[in-house]
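Asks: The sequence and its predicted three-dimensional model are supplied below.
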Amino acid sequence: MAELERDRVREHLAGNTPPTLDDSARAHYRARIAAQLKARNAVLVAHYYTDPEIQALAEATGGCVADSLEMARFGKDHPATTLIVAGVRFMGETAKILSPEKRVLMPTLEATCSLDIGCPADAFSDFCDQQPDRTVVVYANTSAAVKARADWVVTSSIAVELIDHLDRQGEKILWAPDRHLGNYVRERTGADVLCWDGECIVHDEFKAQGILDLKALHPEAAVLVHPESPASVVEIADVVGSTSQLIVAAQKLDNPSFIVATDRGIFYKMQQLMPGKTFMAAPTAGNGATCRSCANCPWMAMNGLENTLAVLEDANGCGQEIHVDAAIAARALVPLDRMLEFGAELKRR
């Protein structure tokens with residue numbers, strides 16, 4: 001995504017960020033949301049990158065805070081008839097495809113993803129047609145229509161293992177949409193991987209030199225990096241992994257502090273699990289910038305207490321219900337099921 005377009009996206013979305021609430025208002029919304037979840041046989045499923053207030057509420061009401069793979073598993077297996085998905089739109093679509101009998105609502109359908117936006121279904125389908133001998137593997141951060149064109153769907157938590165598995169079977173890979181993650185799995189596996197040219201507007205902004213400068217001030221800190229980051233950032237990491245893998249790494253390592261190159265929403269879970277450790281956001285800008293680290297997805301930030309309550313209290317879901325065309329859903333379910341089965345097999349090993 002071009003720099004000018006990124007600036008326009010952030011400027012547009014700044015006006016859609018939920019307002020800051022005082023303690024009394026937050027308590028009021030939390031109580032009403034909890035009551036509505038119970039009354040409507042609904043469960044709140046939230047991503048690690050959402051506001052800490054939303055994550056805490058999901059936990060307190062028996063919901064789930066996780067990466068996109070665990071969110072998909074949880075929503076599919078939970079007995080609730082309504083899923084409230086706090087994240088971005090592709091997560092809601094995935095939940096609906098896996099649980100077509102359930103109602104899937106989101107605090108706002110405007111919450112999307114730069115990787116999704118940057119990989120239009122028609123253009124991607126043409127790209128695939130030009131490479132008919134390749135196995136199509138798409139990242140979870142894509143639309144239902146793009147998933148429907150794929151052979152496999154994958155998340156960052158199992159990307160290396162899946163590509164290694166396919167490579168050992170002699171398959172050549174067409175990967176979309178994140179080129180940084182695609183390049184990372186190529187380097188790790190040695191597989192023949194052809195990448196679509198896409199990136200996450202958050203992770204693409206991390207700067208290796210800025211991290212090295214911060215590391216010089218905090219030599220005891222370990223560097224944790226999400227593989228959607230540029231190769232120069234991945235190269236200086238102590239640990240590279242998905243959101244859930246970075247959380248586990250922070251628990252296992254003895255370091256007292258960490259420089260974290262992913263969305264700062266993850267700090268809620270890290271600080272919850274490791275209150276005695278220090279977590280620092282990896283820099284995304286130079287010394288002269290007003291924001292040294294702007295590592296916060298503007299779309300994830302659109303999930304707030306007010307719009308979560310609104311979607312629950314309105315019988316029609318305020319127009320924020322996820323619908324997926326039946327034919328597209330049926331095709332997308334095939335690679336999604338493959339992903340879940342492969343992930344389950346990895347857990348059993």
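Replies: Yep, that arrived. Numbers count the residues shown, from 1 in each chain.

Asks: quick one: Q320 from R26, how far?
Replies: Distance from Q320 to R26, counting by Cβ to Cβ, to the nearest Å: 21 Å. Quick note: C-beta positions are derived from backbone N, CA and C, even for glycine.

Asks: So if I had to pick from those two, which one is more boxed in?
Replies: Neighbours were counted for Q320 and for R26 using other Cβ atoms under 10 Å; Q320 has more, 22 against 15.

Asks: Surely the more buried one and V311 touch.
Replies: Yes: with contacts counted by Cβ atoms under 8 Å, Q320 reaches V311, the gap being 4.8 Å.

Asks: burial measure for S257, as a count.
Replies: 15.

Asks: Tell me how far it lies from Y268.
Replies: On the measure of Cβ to Cβ, S257 and Y268 end up 17 Å apart.

Asks: Likewise for Q209?
Replies: 28 Å.

Asks: Which SSE is immediately downstream of the helix or strand that contains A216?
Replies: Applying DSSP states H and E as the criterion places A216 in helix 208-217. As assigned by DSSP H and E, the chain's next helix or strand after helix 208-217 is strand 222-225.

Asks: Please name the residues that touch H47.
Replies: H47 is in contact with 65-68, 71, 86-88, 91, 265, 300, counting by Cβ atoms under 8 Å, 6 or more residues apart in numbering.

Asks: Which neighbours do Q320 and V311 have in common?
Replies: What both Q320 and V311 touch, as defined by Cβ under 8 Å, 6+ apart, is the set 105-107.

Asks: what's the closest of the contacts of H47 to V153?
Replies: S68 (9.9 Å; Cβ to Cβ).

Asks: Quick one: the helices in the stretch 201-349 of the chain, in order.
Replies: 208-217, 231-234, 243-252, 267-273, 305-313, 326-348 (DSSP state H, counting those that start in this stretch).

Asks: between those, which gets nearest to K76?
Replies: The closest of the helices of the stretch 201-349 of the chain to K76 is helix 326-348. By Cβ to Cβ, the value is 7.7 Å.

Asks: The closest one packs against which elements?
Replies: Using 3 or more Cβ pairs under 8 Å, 6 or more residues apart in numbering; DSSP states H and E, the elements in contact with helix 326-348 are helix 68-77, helix 89-98, helix 144-148, strand 152-154, helix 159-168.
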